[in-house]
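# How does the following fold in three dimensions:
(2 chains)
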Amino acid sequence: MKNDYLLEAQDVHKSYRMGQTRVRVLRGLNLKLAGGEFAAIVGASGSGKSTLLHILGALDRPDKGRVCFKGSDLSRQSGRRLNRFRNRTVGFVFQFYHLLDELNVLENVLLPKMAGKSLAGWLVCRRTAKNRASELLEQFGLSERVRHKPYQLSGGERQRVAIARALMNEPEILLADEPTGNLDSETGNGILKVLERLNGTGQTIVMVTHDDRIAARAKRIIRLADGVIRQDK
Amino acid sequence: MYKFTLAFRYLIRRRISYFAIAAVALCVFVVFVVITVLTGLSRDFKQKVHSSVGDCVVYTKSLVGFGYYDEFLDILRKEPYVEAATPVVNSYGLVSVNETGGLDVYGQSVREIAGVEPVSLSKVMGFGKWIEYHKNDVADVFRPAYDVNLPGCVPGINIIFEKDIQGNYNTTGRPVKAAFEISCVPLTAKGALARVGTGELNSKTFYYSDHFEAGYSLDRRLIFLPIDDVQLLCGMATGHKRITHIHIKFKNGVTLNKGTQKVKNLWDGFVASKAGAPYENLLGQVQVQSWKDFSKVIVALVETQQTMMIVCFSLIGMITVFIVLVVFYMIVSHKSKDIGILKSVGASGFSILSVFLNFAFLIGLAGSAIGVLVGWRFLVHINKIEDWMFEKFQFQLWDRQISSIGDIPNTVDLKVLAIIILCAIGACLLGALLPSWRAGRIKCVDTLQVAQL
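Sure, this is the predicted structure:
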């Protein structure tokens, strides 16, 4: 059966235990994303935005319902295939950058490529990978920072490194969780421009934010409340 | 690739890993030094015993001895696997010092005596190297330099000289005229007293012609004498001459067990050929043993001590495992964010486990390298260090006046060293296994959520 959607969430439920109580975060959520979209998921704190993003990126599994990538049900995939999915198909950008302090900028960007290869495989492709990483860093204005450690960079630079890392394996979907949440407005604006530019080249982007002004930069806004989509425009 | 890179970076960037390395290094150092010294002591002792026994012994525990030994020696010496063989009479004698010659030896005592043929004895044992003044003319070892016509004797060095506090003997530098009257109880071939009612002892005075230093307790209990004299003193020269031991050295390349078995077979055949001969019953009491079996009572003591000590010190390895476990538990807790990041880019739980096990391997390797280097250096200078401690604090590992062991053994056995390093790395991997496994099972969403940071 032909499926036109890149990513599809069907009747997704997710709850967490918090002390003695169980909090139902997602309550039968349905969502369809087509290739090349730039969607912003907005909602109040605790509305389940990040949880949805994690489930869409196979970082977490729904309690009920399913998430399909190009029609293929992710919940039926083995752990190994999900690792491969996270490595090759999606790229994550987090609010707090989440760079590895022990690695320099270039090594952080190379991380997804290294994680997806065996030692022998890495030795074969390392030159190509380094070229790709250098191109990305140049594209994001970080060519002078290649050997720097994350703590030597500004917040905006760190986030650009994180985006470069997310794009290293040329993923079909970029999932960004509050990518400007830890940045001042000017730097945040720079990051949004980067995302817009990427979307302009056909990159599918799903961005989570609690800020309507930032969400307005996306082409589609999905508003979450009470664990379901209340508005999709 | 990142598994090795990250493991290496964790090693050099995390201060806590230095504590783990230090703990491993300390354990490796202690175990390396203790095992090297203990193994050295045991090896030296066994070498000394081996050197005083030869490869194989044909012997009887009876003081009566056994006869026909010349015939058996002739047979033995023709065997292609036998390098040399020598007859020995072992017995006990009452030793009275009649003339001290200035030596620090007085009174009467019971000593072990060994009647030997010095030339053939030197071919089987280390006798030729143990003696002081006749190294180049062993045949004349029983001829005192001051009067070659007097019957000579070669007492253990500790019978006639005292050790100073640093373990050196106060030797005179030349043989002096000291006389030892040695009295034995002669026995007939049937085991009865040979001189009932006529004064039961045979006595003869021997003069100090040389001394020997075998390097263990033989030095304070044994006196070597000419074999003919001991046979006379012990009543073994009458009728069929008797001895108590034949010591044998095998040719190079002959294994101990095979050589001993061949001698056993040869002896059994010899005994069978003597059926019905006079005093053939004495041959039935004779045993054939390798030097290891012959000396196992004294060697086993040393080996037991060595094993006990090694087991005790190897328990230190348990401490290494525990320290590494604690360190890794802390590291995994601190690095949960990294684990989440790695999983978000597609790393598997097994890959995460590998990162931390590689890290543990590097800690083990670095700790072992440091422990071995420091230990090696310490062992090279261990005797100088002990000398310095003795000079400054009068401290010695053992009393050199009592013990026959001189220097602290410090020869490194590379096989033992390799085992220690492998065990240290293994202990690190074992200690890191549980925390690493836990790291591999961490869910990345639990570590990457804002609330967790």
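# residues touching residue 10, list them.
Just so you know, I chose chain A. With contacts defined as C-beta atoms under 8 Å, 6 or more residues apart in numbering or on different chains, A:Gln10 is in contact with A:Asn30, A:Gly65, A:Arg66, A:Val67, A:Cys68. Glycine gets a C-beta too; all of them are placed from N, C-alpha and C.
# Hmm, no, I was thinking of chain B.
A:Glu102, B:Ser17, B:Ile331, B:Lys335, B:Val355, B:Phe359.
# Find the nearest non-adjacent residue to the fifth one, please.
It refers to B:Val355. Closest residue to B:Val355 apart from its sequence neighbours, by C-beta to C-beta, 6 or more residues apart in numbering or on different chains: B:Lys3 at 4.8 Å.
# Next: the second one.
Using C-beta to C-beta, 6+ apart and skipping the chain neighbours, the partner closest in space to B:Ser17 is B:Leu11 (5.3 Å).
# quick one: the strands in the chain?
I went with chain A, as the question did not name one. A:7-18, A:21-33, A:38-43, A:64-69, A:72-73, A:90-93, A:173-177, A:204-209, A:220-225, A:228-232 (DSSP state E).
# wrong chain, I was asking about chain B
B:56-59, B:82-99, B:108-116, B:152-155, B:179-184, B:202-208, B:222-226, B:245-250, B:287-290.
# Tell me the buried residues in the longest one?
Buried residues in strand B:82-99, defined by neighbour count with 16 or more other C-beta atoms under 10 Å in any protein chain shown: B:82-91, B:93, B:95-97.
# And that strand, what does it pack against?
Strand B:82-99 sits against helix B:69-78, strand B:108-116, helix B:118-124, strand B:179-184, helix B:227-233, strand B:245-250, with contacts defined as 3 or more C-beta pairs under 8 Å, 6 or more residues apart in numbering or on different chains; DSSP states H and E.
# could you dump that strand to CSV, C-alpha only?
Provided in CSV are the C-alpha atoms of strand B:82-99 (Å, rounded to 0.1, in the frame of the first residue of the first chain):
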residue,chain,number,x,y,z
VAL,B,82,73.4,-41.1,32.9
GLU,B,83,76.0,-38.3,33.1
ALA,B,84,77.5,-39.3,36.4
ALA,B,85,76.8,-41.3,39.5
THR,B,86,78.4,-41.3,43.0
PRO,B,87,78.1,-43.4,46.1
VAL,B,88,77.5,-41.8,49.5
VAL,B,89,77.3,-43.1,53.0
ASN,B,90,75.0,-40.9,55.1
SER,B,91,75.0,-41.4,58.9
TYR,B,92,75.4,-39.6,62.2
GLY,B,93,78.4,-39.0,64.3
LEU,B,94,79.3,-37.6,67.7
VAL,B,95,81.7,-34.8,66.9
SER,B,96,84.3,-33.7,69.5
VAL,B,97,86.5,-30.8,68.8
ASN,B,98,90.0,-31.6,70.1
GLU,B,99,91.9,-28.8,68.6
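# Quick one: mean pLDDT for that strand?
For strand B:82-99, the mean pLDDT works out to 92.
# in the chain, which helix has the most residues?
Going with chain A. Counting by DSSP state H, the longest helix found in chain A is helix A:119-139.
# Wait, chain B was what I had in mind.
Max-length helix for chain B by DSSP H is helix B:15-53.
# which other helices and strands contact that one?
helix B:2-13, helix B:291-294, helix B:296-314, helix B:316-334, helix B:349-380, helix B:414-441.
# rewinding a little: can you list the buried residues in the longest helix of chain A?
A:Trp122, A:Ala129, A:Arg132, A:Ala133, A:Ser134, A:Leu136, A:Leu137, A:Gln139.
# cool, stretch A:76-89 as well?
Buried, per 16+ other C-beta under 10 Å, within stretch A:76-89: A:Gln77, A:Leu82, A:Asn83, A:Arg84, A:Phe85, A:Arg86, A:Asn87, A:Thr89.
# Spatially, which two of the residues you listed are the most separated?
A:Gln77 and A:Asn87 (12.9 Å; C-beta to C-beta).
# Can you tell me which residues in chain A are near chain B?
A:50, A:54, A:57, A:59-60, A:79-80, A:83-88, A:92, A:94-96, A:98-103, A:107, A:111-112, A:114-117, A:119, A:122-123, A:126, A:165, A:178 (C-beta under 8 Å from any C-beta of the partner chain).
# gap between the two ends of stretch B:60-72?
With C-alpha to C-alpha, to the nearest Å as the measure, stretch B:60-72 spans 15 Å from end to end.
# and it, average pLDDT?
92.
# Please give the number of neighbouring residues around B:Arg441.
11 (other C-beta atoms under 10 Å in any protein chain shown).
# you'd agree it is up against B:Lys343?
No: the criterion here is C-beta atoms under 8 Å, and B:Arg441 misses it with B:Lys343 at 10.5 Å.
# Name the residues contacting each of these two.
With C-beta under 8 Å, 6+ apart as the test, B:Arg441 and B:Lys343 both reach B:Gly349.
# can the helices and strands packed on helix B:15-53 go into TSV with extra columns for mean pLDDT and distance to A:Asp4?
Shown next, in TSV, are those (pLDDT from 0 to 100; distance: least, C-beta to C-beta, whole Å):
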stretch	mean pLDDT	distance to A:Asp4
helix B:2-13	87	37
helix B:291-294	93	85
helix B:296-314	83	67
helix B:316-334	84	44
helix B:349-380	94	35
helix B:414-441	91	38
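# follow-up on the earlier one: quick check, nearest of the buried residues of strand B:82-99 to B:Ala7?
Among the buried residues of strand B:82-99, and counting by C-beta to C-beta, the member closest to B:Ala7 is B:Glu83, at 56.3 Å.
# and the closest one, what is it in contact with?
Residues in contact with B:Glu83 (C-beta under 8 Å, 6+ apart) are B:Lys123, B:Val124, B:Lys249, B:Phe250, B:Lys251, B:Asn252.
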